[in-house]
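Asker: Here's a sequence, model it:
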Amino acid sequence: MAAAAAAAGHLLVIGGAESDLSFCFNSAELGLEHQATIVAAGYRSISRYSCMADDRPGMRTASAAVLGFVEPLTADNRLTLAKMVEAWESARRFVAKQDDLRAEAKVMNVVRPATTQEKVAMRKAAERVLGDKLPELWTPSSDYLAAKLEEVELDEPQAAPLDEILSVEAAESGEVSASFDASGRLRVSKGRSKGVLPTTTEEYRLKMRIEATTWLMISCKCVNRPWLQGYATGHFENYVDWILGEKVLLMSVPGLNGMSSLQPPWSLFLHFDAACRKSAMKRVREEGVTIGEALKLVMKDSELKELHWTSPPALAPRASSSSSSYQLPAIFKSSSVIDPRLQQQQQMAAAKAAELQAAAAGGNTLAAALKMKKVRKPKKIPNKLLPVKGTVQNAPDGRQICFNFNSASGCSGACARVHICRRTGCGGSHSILNCPNSTTE
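Answerer: Just a heads-up that it's a prediction; the model follows:
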């Protein structure tokens, strides 16, 4: 009974060590009692344990001092010291390999994957702050967490698109692609995992919950960043309550029958959210304020709200004199950009057609026939980016929509564009070919 209680106590102490350090101990078959003694002495991380000594003799001396061995050493003492040296050498090789991978990622300009020990340590730290276990639905995916850690290391926090904010439960493996760099070397890189944009307020709340948890985990690891000081998940919760509340999404305007809801399109809401989070991160980078302070300043920024929320529906034409809902300008609904070459050719063809009609109306059929030979059909400009009636080119947050995804050929997923429907007002996760809102024109 006493042995079982002692073993349970040792396991409780060892539980505070990194998983990689425990792996080195177990590989060397070091006993639980000695593992607990090492961890209790302050060697909880594998990098710290690898710095315990510079060579084997120094490691034996340091281990004997920590474990309380005195001369003359017994056979069991010597065996334990040999296991300690074996675990120490394994830890040094492990740390050296991690440093090489980190340096290679910097040189190759790719995102360094978050190690298992980093993810476990950050998750445990976040759970200690919250006082409860983190569900997988709130825990960020490995790719998204690694991208955010890269931004923190560069001191350049960015507002991520909503379709890139994924949880562990919803994440899928990114597609691997190969390419040659400027020096001719073959580079194999893994693309970012992408999901779908939220279509309801509850889906949006879940995305923001993942974002809040991500920054909480990072703030527990990067305690030396001034703009992460005092961070709490409540900062994003207050922001979500504000943007989904009566001051933004549920805003009421005076109508013919009293106060009525603004009822803006969901695409405008996603556009405004992206603008708010981008403005908050810009304040963090340029003004040096914390994330919590930046979100508070964004909620009080009347100019930002006017430019991206109240002005678009206010300046748009009314659908009818008795309707209380507004329409978005064309810039938010579909592309209004006309290629000047196509416009010029259309004008020239219209002028020629009018001239022919005038000649035929005057009875001069011969002149009309001669002019007909000189009329050239406008050349078709092979530009698939020209606007098509009833379609859009960009997502609500400004990024370009994938054209291959909306075609019969499909997309492999390796592009950096958004995979949503191009039909105006839809924005679903399906292709325009399978859009349930399609109509025969």
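Asker: so what's Met299 up against?
Answerer: The contact partners of Met299, by C-beta atoms under 8 Å, 6 or more residues apart in numbering, come to 238-239, 242. For the C-beta atoms, the positions are set from N, CA and C on the backbone; glycine is no exception.
Asker: out of the residues you listed, which one sits closest to Arg205?
Answerer: Using C-beta to C-beta, Tyr239 is the member of the contacts of Met299 that sits closest to Arg205, with 11.1 Å.
Asker: Just the element for that closest one, please.
Answerer: Here Tyr239 sits within helix 234-243, counting by DSSP states H and E.
Asker: hang on, the earlier thing: between the contacts of Met299, which has the most around it?
Answerer: Tyr239 (23 neighbours; other C-beta atoms under 10 Å).
Asker: That residue reaches Leu295, doesn't it?
Answerer: Yes: Tyr239 is in contact with Leu295 according to C-beta atoms under 8 Å; the separation is 4.8 Å.
Asker: Can you tell me how far the spatially most central residue of the chain is from Leu21?
Answerer: If you average the C-alpha coordinates of the chain and look for the closest C-alpha using C-alpha atoms, centre = their mean, you land on Glu164, 3.7 Å from that point. Counting by C-beta to C-beta, to the nearest Å, the separation of Glu164 from Leu21 is 33 Å.
Asker: any idea which helix or strand comes after the helix holding Tyr239?
Answerer: Towards the C-terminus, the helix or strand next in line after helix 234-243, according to DSSP H and E, is strand 252-255.
Asker: That next one pairs with which strands, and in what direction?
Answerer: strand 258-261 (antiparallel) (DSSP bridges).
Asker: Identify the residues contacting Ala53.
Answerer: With contact taken as C-beta under 8 Å, 6+ apart, Ala53 is in contact with 59, 61-62, 88.
Asker: ok, now Arg60?
Answerer: The neighbours of Arg60, taking C-beta under 8 Å, 6+ apart as the test, are 81, 84-85.
Asker: May I ask which of those has the most neighbours?
Answerer: Met84 (25 neighbours).
Asker: so it sits right up against Leu30, yeah?
Answerer: Yes: under the contact definition of C-beta under 8 Å, Met84 touches Leu30, with a separation of 6.8 Å.
Asker: how many neighbours does Arg417 have?
Answerer: Using other C-beta under 10 Å as the criterion, Arg417 is surrounded by 16 other residues.
Asker: Number the chain from 56, please
Answerer: Let's use 56 as the start, then, which means that last one is Arg472.
Asker: helix or strand for Asn81, which one?
Answerer: Taking DSSP H and E as the criterion, the element that holds Asn81 is helix 74-82.
Asker: List the buried residues for the helix or strand that that helix is followed by?
Answerer: Beyond helix 74-82 in the direction of the C-terminus, DSSP H and E gives the next helix or strand as helix 87-95. Taking 16 or more other C-beta atoms under 10 Å as the neighbour-count basis, helix 87-95 is seen to contain the buried residues 87, 89-94.
Asker: follow-up on the earlier one: closest to Pro253 among the contacts of Ala108?
Answerer: Taking C-beta to C-beta as the measure, Pro253 lies nearest Trp143 of the contacts of Ala108, at 49.4 Å.
Asker: what are the ranges of the helices in the stretch 306-455 of the chain?
Answerer: Listed in chain order, the helices found in the stretch 306-455 of the chain under DSSP state H, counting those that start in this stretch are 321-342, 346-355, 357-360, 366-370, 385-388, 395-416, 420-429.
Asker: what's Arg454 in contact with, if anything?
Answerer: Listed by C-beta under 8 Å, 6+ apart, the contact partners of Arg454 are 216, 472-473.
Asker: avg pLDDT for the helix of greatest length in the chain?
Answerer: Within the chain, and with DSSP state H defining each element, the longest helix by residue count is helix 130-163. Averaging the model's pLDDT scores along helix 130-163 yields 84.
Asker: now swap in stretch 289-304 and tell me
Answerer: Rounded to a whole number, the mean pLDDT of stretch 289-304 is 94.
Asker: What are the buried residues along that stretch?
Answerer: 290-291, 294-295, 297-299, 303-304.
Asker: can you pull the pLDDT of Glu258?
Answerer: pLDDT for Glu258: 93.
Asker: in which helix or strand would I find it?
Answerer: Secondary structure from DSSP H and E places Glu258 in helix 256-276.
Asker: what's in contact with that helix?
Answerer: Contacts made with helix 256-276 from outside it, assessed by C-beta under 8 Å, 6+ apart, are listed as 173, 176-178, 180-181, 184-185, 189, 192-195, 199-200, 203-204, 207, 215, 217, 220-222, 253, 280, 283, 286-288, 290-292, 294-295, 299, 304, 328, 346.
Asker: who touches both of Met139 and Leu85?
Answerer: Shared contacts of Met139 and Leu85, defined by C-beta under 8 Å, 6+ apart, are absent.
Asker: Contacts only, for the residue nearest to Val473 when sequence neighbours are not counted.
Answerer: Counting by C-beta to C-beta, 6 or more residues apart in numbering, Ala450 is the residue found nearest to Val473 once chain neighbours are left out, at 4.5 Å. Taking C-beta under 8 Å, 6+ apart, we find Ala450 in contact with 252, 325, 456, 473, 475, 482.
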